[in-house]
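[1] Can you look at this prediction? I've put the sequence above it.
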There are 2 protein chains.
Amino acid sequence: MEELQVGYQPELLLDALKERSVLKIRQIFENFNIVDIADTINQMEDIQSFLFIYKTVAPEYTAEAFTYLDSSVKERIIEILTSEQISNILANQYSDDIVDFIQEMPANLTTKILAATPKVRRNQINQLLNYHEDSAGSIMTTEFIALKEQDTMETALAKVRKFGRKAETISYLFVIDEKRILKGTLRLKEIFFMDDKEVVSDIMESDFVHVLANDDQEEMAQTFKKYDLNAIPVTTNDGRLVGIITADDIIDVIEEEATEDIHMMANIQPLEYEYSKTSVWSLAKKGVVWIIILMISATFTSFIMNGYENAMIVVPALSIFIPMLIDTAGNAGNQSVTLVIRALSLGEISTRDYLKVISKELGSGILVGLAVAVVNFVWILFLDATKLISLVNSDISPVSLGILVALAMFISIVISKFLGASFPLIIKKLKIDPALLAGPLLTTCIDAISLVIYFLLATQIFQLL
Amino acid sequence: MEELQVGYQPELLLDALKERSVLKIRQIFENFNIVDIADTINQMEDIQSFLFIYKTVAPEYTAEAFTYLDSSVKERIIEILTSEQISNILANQYSDDIVDFIQEMPANLTTKILAATPKVRRNQINQLLNYHEDSAGSIMTTEFIALKEQDTMETALAKVRKFGRKAETISYLFVIDEKRILKGTLRLKEIFFMDDKEVVSDIMESDFVHVLANDDQEEMAQTFKKYDLNAIPVTTNDGRLVGIITADDIIDVIEEEATEDIHMMANIQPLEYEYSKTSVWSLAKKGVVWIIILMISATFTSFIMNGYENAMIVVPALSIFIPMLIDTAGNAGNQSVTLVIRALSLGEISTRDYLKVISKELGSGILVGLAVAVVNFVWILFLDATKLISLVNSDISPVSLGILVALAMFISIVISKFLGASFPLIIKKLKIDPALLAGPLLTTCIDAISLVIYFLLATQIFQLL
């Protein structure tokens, strides 16, 4: 990842600011990538410099740079800007960026920002702010190009020219009637190939894909991906076009949802900010809840071992394979939990595929269980033969110990994979996020179940109790 | 997600095929979404129907539907098509789709497909196939619109019209010199606002972002996201433009990489196909490797417990809290592993942030450890007071047992979070994927470490040995 030519250097901007050189600053904003420039502003100690930039360069540059700033930097800037200055910056932004920005700000600044927004846009933004945080409506933009069914190539191109600067995409155009009901979609390139007699309704796609403003963003991203779109229209329940969602928004949603799933599967409550901006306190808070719940639920294992204490006094070697047993059974089931949760969230399977998924995981559980049992049996004989493990206190044969552990492993792995496949599907069916609950539930159950199986088998094999 | 109008039904196509109604089939392909139609073809038992479709509808429809078919269906179709028919389908596809498709097919069919490709395209495709599987070059498309620096608005628009139909995007245009060196990028909408005296080089962005054909796709996706792009140019090391990557490709990369990370963190080797298409055998194979490695490495816990067998014979209650202890310590460390791996793969932190990350996780470890230790101590007193756990065999006071377990928990959690933060960074520094190794390494270490801490503390507190 290098620049082909002599690229942007943070020093360019920093020096130009130190010199207060209007000309140099303007040249930097005109010639270099705005994301790199925003990175430099993010690193600046002295936020007053932004005021100088604001007064120096054209508002579209300031506005664009502003969207790429860290939220803490935005906060400091909003505090020093006047209403009019804020208003100038907002005038050059897409409504979805403004909404994102308002959602990041503390309440006192939100009021200042909304007050600085022209009334028409304020209504629009308030409407966007009213959508549920994870809905399609909350991430859509209201800047799109709308055509009428009777538009000719000429009218259509004129509209693209007129509204193109403000629109977030011009590759996709949306056809509405006088009630703003969405009638069709088309690509800009199709307009180029219209002939003189054709109107927009002749060439538009009327079996278009769309989402509702209240649809969940994760589902929406799946639809977007399934139909290989670059922009998707968002409508109300009665079909009125209210906004569009473009690929860059989808990329954010997909990453965000994947991060949330990954964190939840590791028993971490979803973070509000990215990791590097999350404080130690907040990290501890997001982590400690499930750690304590899981610790308390692990008490079941203590109960079971407490109940079989006599068996362990007679055969002390029993206890030494317990961590290995419950770790292995847990790992096997966790694989199934993970596979099923991920396949669910990618839309590859649905809760209706219950039987197919279960039989798949049971099959794989039997194969994995057999392989593990055989390796385990041989391994225990090896540990005894090489005296790496001493059974002197226990008065049992290594073969019977091997059979016990291997058999307990096999049964536990099969059950663990079965439960690991079932829990996410059942939890999803109950309309709860499986990434949140399936893992902890499995750990709790399989720890207890594998211990019970182990001790039941042990009392049979060693004629204990 | 509903259609606004009476939508597509699979029966429409199935009935039309049964009736062999050319007219109806054509209407269906013209009026409905091709992805839905492809879904129906995927479900068909009788693949000969595709041949009928092929002969009935225009090649651009067949070609588009073809790209959305499952690879097993594609395979069956390629087997029955003639070279000429394959060639017609390929002629209407983007080169990146052809490359994806060839990579999915078994070797004998690959030859058949390449033989059916016109020579010029075959060279192009062979070149794409030569890029490493996870490189930018392997997912780019070679269909883009190239302009020259001296092009006027008129020439530029003429090129867009001429090459637009074949190009994967017309929103972004790429400016090259006579040696095909990339000189700049611009958006189609900017061309609309050029005045008569301007040429392309006056308005193009010359500080553009680009990637090299050999760059890793994950890094590439990060760049794409950072700069909020909709298309990114791909060049050779000496700056020649060889292809472009569009947002839909990035969405695939991001999902694929997240899935791979999620699977690896659950000790599953990356699957080749999506879950629902992976066989039981292959699932078992992808899962069993790490299960067995982890089982063998859990032998360390057996060694340690075997070494302290006498302590457990004197105080049998010692063993009953072992699963709780190692589960809790493992969970705490796994949170850190997961947070750090995800932050690394999102580019939020890098290996240079070692000290910052470690101190963050150590801090959070101390806070979590304190909370867990206090809860644990109270919980053990409660379990004893309510007789849920009986200490009758062990002749120890519940307070000293509580202190032992709580103290071991605290120390193990702090160490576990420290190691959990360190391992991914160290492994990444060694240029290995942390998602693959950090988890298993942590489990192995922390199981052993927490047991040693537990028994060392126990021998001190209960004056054992």
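    Arrived safely, thanks for sending. Numbering: from 1, shown residues only, chains lettered A, B, ... in the order given.

[2] Which residues of the stretch 351-465 of chain A lie near chain B?
    A:353, A:356, A:360-361, A:363-364, A:367-368, A:371-372, A:375-376, A:379, A:383, A:388-390, A:393, A:409, A:413, A:443, A:447, A:451 (C-beta under 8 Å from any C-beta of the partner chain). (Glycine included, C-beta is placed from N, CA and C.)

[3] filter those residues to the buried ones?
    Neighbour counting by 16 or more other C-beta atoms under 10 Å in any protein chain shown classes A:353, A:360-361, A:363-364, A:367-368, A:371-372, A:375-376, A:379, A:383, A:389, A:409, A:413, A:443, A:447, A:451 among those as buried.

[4] circling back to that earlier point, which of the residues of the stretch 351-465 of chain A next to chain B fall within helices?
    Using DSSP state H, the subset of these located in helices is A:356, A:360-361, A:363-364, A:367-368, A:371-372, A:375-376, A:379, A:383, A:409, A:413, A:443, A:447, A:451.

[5] what's the domain layout of chain A?
    Following automatic domain parsing, one gets these domains for chain A: A:10-130, A:146-246, A:298-461.

[6] Please identify the deepest-packed of those domains.
    Per-stretch averages of neighbours, counted by mean count of other C-beta atoms under 10 Å in any protein chain shown, single out domain A:298-461 among the domains of chain A, with a mean of 21.

[7] Quick check: end-to-end length of that one?
    Domain A:298-461 has an end-to-end distance of 26 Å (criterion: C-alpha to C-alpha, to the nearest Å).

[8] Let me know the average pLDDT across that domain.
    Domain A:298-461 shows a mean pLDDT of 93.

[9] Please state the offset of that domain from the chain centre?
    Its chain's C-alpha centre and that of domain A:298-461 lie 30 Å apart, by C-alpha atoms, centre = their mean, to the nearest Å.

[10] repeat for stretch A:74-82
    Relative to the centre of its chain, stretch A:74-82 is centred 30 Å away, using C-alpha atoms, centre = their mean.

[11] Same check on stretch A:273-291?
    For stretch A:273-291, the distance to the chain centre is 17 Å (C-alpha atoms, centre = their mean).

[12] show me what contacts the residue lying closest to residue A:36 once chain neighbours are set aside?
    Nearest residue to residue A:36, sequence neighbours excluded (C-beta to C-beta, 6 or more residues apart in numbering or on different chains): residue A:8, at 4.6 Å. Taking C-beta atoms under 8 Å, 6 or more residues apart in numbering or on different chains, we find residue A:8 in contact with A:28, A:32-33, A:36-37, B:207.

[13] Which helix or strand contains residue A:8?
    Residue A:8 belongs to no helix or strand when elements are defined using DSSP states H and E.

[14] tell me which element residue A:76 falls in.
    helix A:71-80.

[15] Quick check: what element follows that helix along the chain?
    Proceeding N to C from helix A:71-80, the next assigned helix or strand is helix A:83-91, under DSSP H and E.

[16] relative to helix A:71-80, how tilted is that next one?
    Note on geometry: by axes from the mean of the first three to the mean of the last three C-alpha atoms, to 10 degrees, helix A:83-91 and helix A:71-80 are set 140 degrees apart in direction.

[17] Show me what secondary structure element comes after helix A:83-91.
    Of the helices and strands lying after helix A:83-91 in sequence (DSSP H and E), the nearest is helix A:95-104.

[18] I'd like to know how many residues surround residue A:280.
    Using other C-beta atoms under 10 Å in any protein chain shown, residue A:280 has 16 other residues around it.

[19] So it is in contact with residue B:360, correct?
    Yes. With contact defined as C-beta atoms under 8 Å, residue A:280 counts as touching residue B:360 (5.6 Å).

[20] could you pull out the strands for chain A?
    Ranges of strands in chain A, per DSSP state E, are A:146-147, A:172-176, A:182-187, A:211-212, A:231-235, A:241-246.

[21] As TSV, those strands with distance to residue A:439 and mean pLDDT would be great.
    Output for the strands of chain A, formatted as TSV (distance: least, C-beta to C-beta, whole Å; pLDDT from 0 to 100):
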stretch	distance to residue A:439	mean pLDDT
strand A:146-147	46	93
strand A:172-176	40	93
strand A:182-187	41	92
strand A:211-212	30	93
strand A:231-235	32	93
strand A:241-246	31	92
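
[22] Nearest to residue A:319, out of the ones you listed?
    Residue A:319 sits nearest to strand A:211-212 of all the strands of chain A, at 56.0 Å, using C-beta to C-beta.

[23] Just checking: what are the partner strands of that closest one?
    strand A:231-235 (parallel) (DSSP bridges).

[24] how big is the angle separating the strand it pairs with from strand A:241-246?
    With the same axes, to 10 degrees as the basis, strand A:231-235 and strand A:241-246 are set at 150 degrees to each other.

[25] Let's see strand A:231-235 as PDB, backbone CA atoms only.
    Output of strand A:231-235 as PDB, limited to C-alpha atoms (Å, rounded to 0.1, in the frame of the first residue of the first chain):
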ATOM      1  CA  ALA A 231     -27.700   0.400  -3.600                       C
ATOM      2  CA  ILE A 232     -31.000  -0.700  -2.100                       C
ATOM      3  CA  PRO A 233     -34.100   1.400  -1.800                       C
ATOM      4  CA  VAL A 234     -35.800   1.800   1.600                       C
ATOM      5  CA  THR A 235     -39.600   2.200   1.700                       C
END
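
[26] Now do that strand: everything it contacts.
    Here strand A:231-235 makes contact (C-beta under 8 Å, 6+ apart) with A:136-137, A:140, A:144, A:169, A:171-172, A:174, A:182, A:185, A:208-213, A:220, A:223-224, A:241-247, B:4.

[27] That one: how far from the chain's middle?
    Distance of strand A:231-235 from the chain centroid (C-alpha atoms, centre = their mean) equals 21 Å.

[28] can you check stretch A:62-81 too?
    Distance of stretch A:62-81 from the chain centroid (C-alpha atoms, centre = their mean) equals 25 Å.

[29] Apart from its chain neighbours, what residue comes closest to the residue most central in space within chain A?
    With distances taken as C-alpha atoms, centre = their mean, residue A:257 lies nearest the centre of chain A, 1.5 Å away. Leaving aside its sequence neighbours, residue A:257 sits nearest to residue A:218 (C-beta to C-beta, 6+ apart; 5.1 Å).

[30] got the contact list for the one you found?
    Contact partners of residue A:218, counting by C-beta under 8 Å, 6+ apart, are A:134, A:253, A:257, A:345.

[31] Need the worst-confidence member of these.
    Within the contacts of residue A:218, pLDDT reaches its minimum at residue A:134, with 84.

[32] can I assume residue A:50 is in contact with residue A:41?
    Yes. With contacts counted by C-beta under 8 Å, residue A:50 reaches residue A:41, the gap being 6.3 Å.

[33] Now render the strands of chain A as a markdown table, adding distance to residue A:58.
    What follows is the strands of chain A, written out as a markdown table (distance: least, C-beta to C-beta, whole Å):
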| stretch | distance to residue A:58 |
| --- | --- |
| strand A:146-147 | 28 |
| strand A:172-176 | 28 |
| strand A:182-187 | 31 |
| strand A:211-212 | 36 |
| strand A:231-235 | 27 |
| strand A:241-246 | 24 |
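
[34] Can you pull the residues of the stretch 51-200 of chain A lying near chain B?
    Checking the stretch 51-200 of chain A against chain B by C-beta under 8 Å from any C-beta, the hits are A:68, A:160-161, A:164-165, A:169-171, A:181-182, A:188-189, A:192-193.

[35] if you set the cut-off to 7 Å instead, what comes out?
    A:161, A:164-165, A:169-171, A:182, A:188-189, A:192 (C-beta under 7 Å from any C-beta of the partner chain).

[36] Now do the same for the residue lying closest to residue A:54 once chain neighbours are set aside: its pLDDT.
    Distances taken as C-beta to C-beta, 6+ apart place residue A:62 nearest to residue A:54, at 5.3 Å, with adjacent residues excluded. On pLDDT, residue A:62 comes in at 88.

[37] any idea how far residue A:62 is from residue A:56?
    Using C-beta to C-beta, to the nearest Å, residue A:62 is found at 9 Å from residue A:56.
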